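S.K.: Sequence and predicted model, in that order:
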Amino acid sequence: MKLTVSTSERDDVTIVTVSGEVDVYTAPQLRSALEESIAAGRTQLVVDLEDVGFLDSTGLGVLVGRLKVLKKLDDGWLRVVCTNERILRLFGITGLDRVLPVHESVDAAIEGVQVEGASDAPVAEPGVSA
């Protein structure tokens with residue numbers, strides 16, 4: 001399936017809206033969009049996965065990699081919007097729900113209102129304590 005990635009701005013926050021499937025073939029497109037935003041100095045990112053039907057380990061790796069980059073910056077952060085139970089289960093199984101803030105809506109992500117269980121904890125490799 002095709003992947004669509006678009007960006008928009010709200011105040012100082014960049015919203016990266018993703019739709020389709022994020023897998024080994026399409027993850028580079030997501031990575032590129034995130035890297036372009038970061039290179040342009042946009043360091044507060046919300047990745048909206050509401051229209052994503054499938055996310056594999058490659059897609060998770062893209063999110064974790066950009067999160068690590070942003071956490072090194074003074075005001076940098078990355079938050080995810082997702083209510084898809086399959087994808088949320090993947091975040092839980094890998095432990096990413098403990099290091100990658102997950103929100104129920106873009107508004108909640110911008111405000112920092114997290115889905116229960118997610119945190120702004122330091123980033124560790126999946127399965128490794130921070």
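M.R.: Looks like it came in fine. Keep in mind it's a predicted model, so treat the numbers as computed, not measured.
S.K.: Give me the secondary structure label for Asp74.
M.R.: Put simply, Asp74 is coil when judged by DSSP: H, G, I helix; E, B strand; the rest coil.
S.K.: Show me the strands in this protein, by range?
M.R.: 4-10, 13-22, 44-55, 77-81, 102-103 (DSSP state E).
S.K.: quick one: contacts of the first one?
M.R.: Looking back up the chat, that one is strand 4-10. 14-20, 29-30, 33, 37, 42, 106, 110 (Cβ atoms under 8 Å, 6 or more residues apart in numbering). (C-beta placed from N, C-alpha, C; glycine too.)
S.K.: want to throw these into CSV with pLDDT and neighbour count?
M.R.: Output for the contacts of strand 4-10, formatted as CSV (pLDDT from 0 to 100; neighbours: other Cβ atoms under 10 Å):
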residue, pLDDT, neighbour count
Thr14, 97, 23
Ile15, 97, 20
Val16, 98, 23
Thr17, 98, 19
Val18, 98, 25
Ser19, 97, 17
Gly20, 97, 17
Gln29, 97, 17
Leu30, 98, 24
Ala33, 97, 22
Ser37, 96, 20
Arg42, 95, 18
Val106, 96, 19
Ile110, 93, 18
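S.K.: Could you export those residues to CSV, including columns for distance to Val69?
M.R.: Below are the contacts of strand 4-10 laid out as CSV (distance: Cβ to Cβ, whole Å):
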residue, distance to Val69
Thr14, 14
Ile15, 18
Val16, 14
Thr17, 20
Val18, 18
Ser19, 24
Gly20, 24
Gln29, 18
Leu30, 14
Ala33, 14
Ser37, 11
Arg42, 12
Val106, 21
Ile110, 20
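S.K.: Tell me the one among the residues you listed nearest to Thr94.
M.R.: For the contacts of strand 4-10, the closest approach to Thr94 (Cβ to Cβ) belongs to Leu30, at 17.0 Å.
S.K.: contacting residues for the closest one?
M.R.: Here Leu30 is in contact with Leu3, Val5, Val16, Val18, Val22, Gly59, Val62 (Cβ under 8 Å, 6+ apart).
S.K.: So what's the residue count around the fifth one?
M.R.: So that's Val22. Residues near Val22, counting by other Cβ atoms under 10 Å, number 28.
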